[in-house]
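Asks: Got a sequence here, can you model it:
(one chain, ligands or ions: 1)
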Amino acid sequence: MSPSVRIGISPDSGFPLENLPYGAFVRDTGEAPRLGVALGEAIVDVQELARAGLFDETLDGARAVLSAANVNPLLARGVPAWKAVRARLAQLLRAGNDELQRAGIADSAFVFQRDVAMALPLAVGDYVDFYSSLEHATNLGRIMRPDGEPLLPNWRWLPIGYHGRAGTVVPSGTPIVRPCGQTKAPTAKEPTYGPTRMLDFELELAFVTGDGPPLGTRIPAEHARECIFGVALLNDWSARDIQGWEYQPLGPFLAKSFASSLGSWIVPLEALEPYRVEGPRQEPPAMSHLAASDRQNYDIGLEATLTSARMREDGIAPLTITRTNFRDMYWSMAQQLAHATSNGARVRAGDLFGSGTISGRDSGSYGSLIELTWRGAHPLTLPDGTQRAFLEDGDELTLHGVAASAGKPRISLGSVRGIVLPS
Ligand code: MN
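Replies: Residues are numbered from 1 along each chain as shown. Model prediction:
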């Protein structure tokens, strides 16, 4: 029997052979993380496969690249290597293939996801966060500047973004300590320093790149997908009161840099190919360096769930607080990457680009609490009877993502989770 048959892949798992997302797992406490791909409820130990020589024909230096503690060395090898390794993995794991058995690793090459801890799937290089949902930008504009035009004049001409802090991108499950900072109430004369009272989440997807062309060269939107390895869930935790005081004139700083949680699995762009769709019509039309003729958006269902400490104690199931989709993002990943390099800036293997909060048109599809509760004007009521304008200590926020459609393989992005600890 082949391993993929023995471990059993439920079609509902979201981790069929068509997905094979990359992650880094810790086999034994104290050991370095290892590269793995999710398959059903299991993780395939890619290092084990590489050491058995099963990739020697696929990739020069395969043992070193695939025995790394993260996906970075593979990222640096570029598209031909990404395609070759993925194709070889699918071949090795296909039902009926007995190469793992012949190599004597049919058992040792697998662990159950539930038995291991996950690390960051990549060492994050530069980290950028965009602001590319029309609905989110419009909502935030209405909330932050009620008397002005919700969208600033530049928004429809270029994907707005800022450089974030790569060193505080943390793996799913890392507890989030409520940050302190300066805040100032509109009526107060002076700011005060203390724990944020407006801790929020942002439901986002991030993409991971390989090496781009040399400094001084642009990546045209038309070719940007060739530089994108895959996507992962991202929660861009945000302190709205700190943000409101600090953000002008240079944008977000400490309101964001205390932590951003990255999902455990990087889903290759190739796995999402069946879900590539046309994005919304852009008005004005994108300038030529940002224009791409082909379908550039992806139909990926997303949701966020919340539990309070009390709900967990009482065994109450998580409350789904929003359901949205990545397909309607105004600026595509290709346009974001084209814009980020339109001045000749270089992109390196391991760079991470967040989409910005993904909000839909109706109020049940907003990707942050500041929008869902309209800055606290309409608090959520949790099943434990308490209300939420923003996150409280003990709250656990989880993002989920899955691309699914009749007749197509179900492609899960897994989840990204974080629990709020007191200051
Ligand atoms: Mn963000």
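Asks: Contact partners for residue 169?
Replies: Residues in contact with residue 169 (CB atoms under 8 Å, 6 or more residues apart in numbering) are 120, 124, 127, 260-262, 352. Any C-beta I mention is one placed from the backbone N, CA and C, and that applies to glycine too.
Asks: Mind checking which of the residues you listed land in strands?
Replies: Those of these mapping onto strands are 127, 260-262, 352, per DSSP state E.
Asks: and of those, the nearest to the ion?
Replies: Using CB to the ion, residue 260 is the member of those that lies nearest the ion, at 8.1 Å.
Asks: For that closest one, give the beta-bridge partners.
Replies: Note on residue 260: beta-bridge partners by DSSP bridges are residue 169.
Asks: Quick check, it in contact with residue 166.
Replies: No. Residue 260 lies out of contact with residue 166 (CB atoms under 8 Å); the separation is 9.2 Å.
Asks: Name the residues contacting each of those two.
Replies: Joint contacts of residue 260 and residue 166 (CB under 8 Å, 6+ apart) are residue 127.
Asks: Looking only at neighbour counts, state which of these two leads.
Replies: Neighbour totals were compared for residue 260 and residue 166, and residue 260 leads with 28 against 17 (other CB atoms under 10 Å).
Asks: what's stretch 271-282 in contact with?
Replies: Under CB under 8 Å, 6+ apart, the answer for stretch 271-282 is 18-21, 134, 156, 230-231, 295-300, 327-330, 332, 403, 405, 408-409, 411.
Asks: Just the buried residues out of these, in PyMOL syntax.
Replies: Entered in PyMOL, the line below selects the buried ones among the contacts of stretch 271-282, by 16 or more other CB atoms under 10 Å:
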select buried, resi 19+20+21+134+230+231+296+297+298+299+300+327+328+329+330+332+403+409+411
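Asks: Okay, and which of the contacts of stretch 271-282 map to strands?
Replies: Secondary structure from DSSP E places 230-231, 297-298, 403, 411 of the contacts of stretch 271-282 in strands.
Asks: could those go into a markdown table alongside pLDDT and distance to residue 277?
Replies: Formatted as a markdown table, those follow (pLDDT from 0 to 100; distance: CB to CB, whole Å):
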| residue | pLDDT | distance to residue 277 |
| --- | --- | --- |
| 230 | 98 | 17 |
| 231 | 98 | 14 |
| 297 | 98 | 5 |
| 298 | 98 | 7 |
| 403 | 98 | 10 |
| 411 | 98 | 14 |
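Asks: Format the residues you listed as JSON lines; extra columns: distance to the ion.
Replies: Below are those laid out as JSON lines (distance: CB to the ion, whole Å):
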{"residue": "230", "distance to the ion": "19"}
{"residue": "231", "distance to the ion": "15"}
{"residue": "297", "distance to the ion": "18"}
{"residue": "298", "distance to the ion": "18"}
{"residue": "403", "distance to the ion": "22"}
{"residue": "411", "distance to the ion": "23"}
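Asks: residue ranges of the helices in the chain, please?
Replies: Counting by DSSP state H, the chain has helices at residues 3-7, 46-51, 62-66, 72-77, 79-93, 99-102, 134-144, 240-246, 254-257, 309-313, 333-340, 369-372.
Asks: and of those helices, who's closest to residue 190?
Replies: Relative to residue 190, the nearest member of these by CB to CB is helix 240-246, separated by 10.9 Å.
Asks: which outside residues touch the closest one?
Replies: Against helix 240-246 from outside (CB under 8 Å, 6+ apart): 144, 179, 181-184, 191, 196-200, 252-256, 370, 375, 390.
Asks: now do stretch 82-101
Replies: 2-5, 17, 20, 37, 39, 44, 46, 49, 52, 54-55, 58-59, 62, 66, 74, 106, 109, 210, 229, 268, 270.
Asks: Pull out the buried residues from those.
Replies: Listed as buried from the contacts of stretch 82-101 are 2-4, 17, 20, 37, 39, 44, 46, 49, 52, 54-55, 58-59, 62, 66, 74, 106, 109, 210, 229, 268, 270; burial here means 16+ other CB under 10 Å.
Asks: For this structure, which residues are neighbours of the ion?
Replies: Counting by CB under 5 Å from the ion, the residues of the chain close to the ion are 129, 202, 236.
Asks: Just those residues: which are in strands?
Replies: residue 129.
Asks: Pipe the residues of the chain next to the ion into TSV and attach pLDDT and neighbour count per row.
Replies: Shown next, in TSV, are the residues of the chain next to the ion (pLDDT from 0 to 100; neighbours: other CB atoms under 10 Å):
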residue	pLDDT	neighbour count
129	98	26
202	98	26
236	98	24
